[in-house]
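**Student:** build me a model:
(2 chains)
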Amino acid sequence: DAGVIQSPRHEVTEMGQEVTLRCKPISGHDYLFWYRQTMMRGLELLIYFNNNVPIDDSGMPEDRFSAKMPNASFSTLKIQPSEPRDSAVYFCASSLLDRMETQYFGPGTRLLVL
Amino acid sequence: EDKVVQSPLSLVVHEGDTVTLNCSYEVTNFRSLLWYKQEKKAPTFLFMLTSSGIEKKSGRLSSILDKKELFSILNITATQTGDSAIYLCAVRGGGTSYGKLTFGQGTILTVHP
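**Tutor:** Just a heads-up that it's a prediction; the model follows:
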């Protein structure tokens, strides 16, 4: 059974460019979460969805960040324009409705903005 | 705002040692506390604790929650080099964002042979 799938696994871009991160949750899961991890701030929740609907986006750092979930099997996190301080590992996770604490994480996308 | 503080931030031990990792929290309408292990890549789930005083155990790892004092500990006995990882503590609160987990900064555990 495939776990959470993220792409790309690594992304190097220049400041000002648009970056799109992709996530495919585990089939049948009701919740999808986007996290960012840095040495300075640890693991932070950016936004999460329940049945494709955004529930809490209070962790999205600023308007340059946006996330969508057009269907149950796909979500994107977009940064436009990107800045060097956005460099981090971005994780997507999913969980079932009745076991939402048990979140299954994807392998992450390591983003470097030059 | 929910808050989770872990200590120590890093720990270096030798194989066979026993370690205790600490997690204290402040959360509105506490629902659960979780421990995750993060090796090279993504965090993987270890334990979920919801009730005080009930120990959760998995092999050499065990954890307990104190809801009165607002903390949890994770014990690892007879450590092995494979236990080297970042251990993350997270809490889930209630209210409108009941799905949200707030993570601590993690404890980096290094086990030397």
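**Student:** doesn't A:R22 belong to a strand?
**Tutor:** Yes. A:R22 sits within a strand when classified using DSSP: H, G, I helix; E, B strand; the rest coil.
**Student:** next SSE downstream of the lowest-mean-pLDDT helix or strand in chain B?
**Tutor:** Sorting the helices and strands of chain B by mean pLDDT, DSSP states H and E puts strand B:101-103 at the bottom, at a mean of 89. The element immediately downstream of strand B:101-103 (helix or strand, assigned by DSSP states H and E) is strand B:107-112.
**Student:** show me what counts as buried in that following strand.
**Tutor:** The neighbour-count check on strand B:107-112 (16 or more other C-beta atoms under 10 Å in any protein chain shown) flags B:T107, B:L109, B:V111 as buried. In this view, the C-beta of every residue, glycine as well, is placed from N, C-alpha and C.
**Student:** who are the packing partners of that strand?
**Tutor:** For strand B:107-112, the elements it packs on are strand B:10-14, strand B:19-26, strand B:85-92, judged by 3 or more C-beta pairs under 8 Å, 6 or more residues apart in numbering or on different chains; DSSP states H and E.
**Student:** now the first one - C-alpha only, CSV.
**Tutor:** Extracted as CSV, the C-alpha positions of strand B:10-14 are listed here (Å, rounded to 0.1, in the frame of the first residue of the first chain):
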residue,chain,number,x,y,z
SER,B,10,20.1,17.1,22.3
LEU,B,11,21.5,14.1,24.0
VAL,B,12,24.5,11.9,23.4
VAL,B,13,24.6,8.5,25.0
HIS,B,14,26.3,5.1,24.6
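**Student:** tilt between that strand and strand B:19-26?
**Tutor:** 160 degrees (axes from the mean of the first three to the mean of the last three C-alpha atoms, to 10 degrees).
**Student:** again, but for the last one
**Tutor:** Computed by the same axes, to 10 degrees, the angle separating strand B:85-92 from strand B:19-26 equals 30 degrees.
**Student:** can strand B:85-92 be said to contact chain A?
**Tutor:** Yes. Strand B:85-92 is in contact with chain A by C-beta under 8 Å from any C-beta of the partner chain, via B:L88, B:R92.
**Student:** that strand pairs with which strands, parallel or anti?
**Tutor:** Strand B:85-92 has its sheet partners listed here by DSSP bridges as strand B:32-38 (antiparallel), strand B:101-103 (antiparallel), strand B:107-112 (antiparallel).
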